[in-house]
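> After the sequence you'll find the predicted model.
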Amino acid sequence: MKVILLQDIKGTGKKDQVIEASDGFARNYLFPRKLAVEANAANLNSVETAKKALDHRKEQERKQAQEYARQLSEKQVTVQVRAGEKGKLFGKVTNQEIADALKAQHSIEVDKRKISVEPIKELGEAVAEVRLYPEISARIKLNVVAKGN
């Protein structure tokens, strides 16, 4: 009997996959637990429609991330940190500080976990990378300056 899996089932298949299952396994295990439905024309059509909608949504998210990356790469962010003489920092510039500076200066909210930067321990210019979507990232210029205390 052909069935469409509604969830991933270890050793059987992945979600939305059409598989050939024995009649007893389908009727006694998969159907009562709502793990699968019979592969008839209506169910196949609904699965195909759902896949198309998901693909369309992912494509829209990818396009939006590309536009966002283009806008971010044009930005320069000034991060103010405590520093000693000769431009040495007390500690280092953190991802949270970069995210806060982006929000304050350009009204752009970015999750600190999506920012990757080499450890910055001196005043001056630096570059941070913001991962917006798989395989889509933007590089922003950082200007690290000392706080005026």
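Thanks, I have the structure now.
> So this protein: which segments form each domain?
Per the record, the chain has its domains at 2-62, 67-146, by automatic domain parsing.
> so of those, which one's packed in deepest?
domain 67-146 (a mean of 15; mean count of other Cβ atoms under 10 Å). C-beta coordinates here come from the backbone N, C-alpha and C atoms, glycine included.
> Distance across that one, terminal residue to terminal residue?
32 Å (Cα to Cα, to the nearest Å).
> what's the answer for stretch 112-127, then?
Span of stretch 112-127 from end to end, Cα to Cα: 15 Å.
> got a list of contacts for it?
Around stretch 112-127, the neighbours that count as contacts under Cβ atoms under 8 Å, 6 or more residues apart in numbering are 83, 87-89, 92-96, 98-99, 128-132, 139-146.
> same for the host helix or strand of residue 137, what does it pack against?
Using DSSP states H and E, residue 137 sits in strand 136-146. Strand 136-146 sits against helix 41-73, strand 76-81, strand 124-133, with contacts defined as 3 or more Cβ pairs under 8 Å, 6 or more residues apart in numbering; DSSP states H and E.
> Let me know the angle separating the very next helix or strand once past the shortest one from strand 136-146.
Along the chain past strand 76-81, the next helix or strand (assigned with DSSP H and E) turns out to be helix 95-106. Angular relation of helix 95-106 and strand 136-146 on a 0 to 180 degree scale: 90 degrees, by axes from the mean of the first three to the mean of the last three Cα atoms, to 10 degrees.
> Contacts for helix 95-106 next, please.
75, 77-81, 108-113, 115-117, 128, 140, 142.
> how about the domains of the chain in JSON lines, adding mean pLDDT?
Shown next, in JSON lines, are the domains of the chain (pLDDT from 0 to 100):
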{"stretch": "domain 2-62", "mean pLDDT": "94"}
{"stretch": "domain 67-146", "mean pLDDT": "90"}
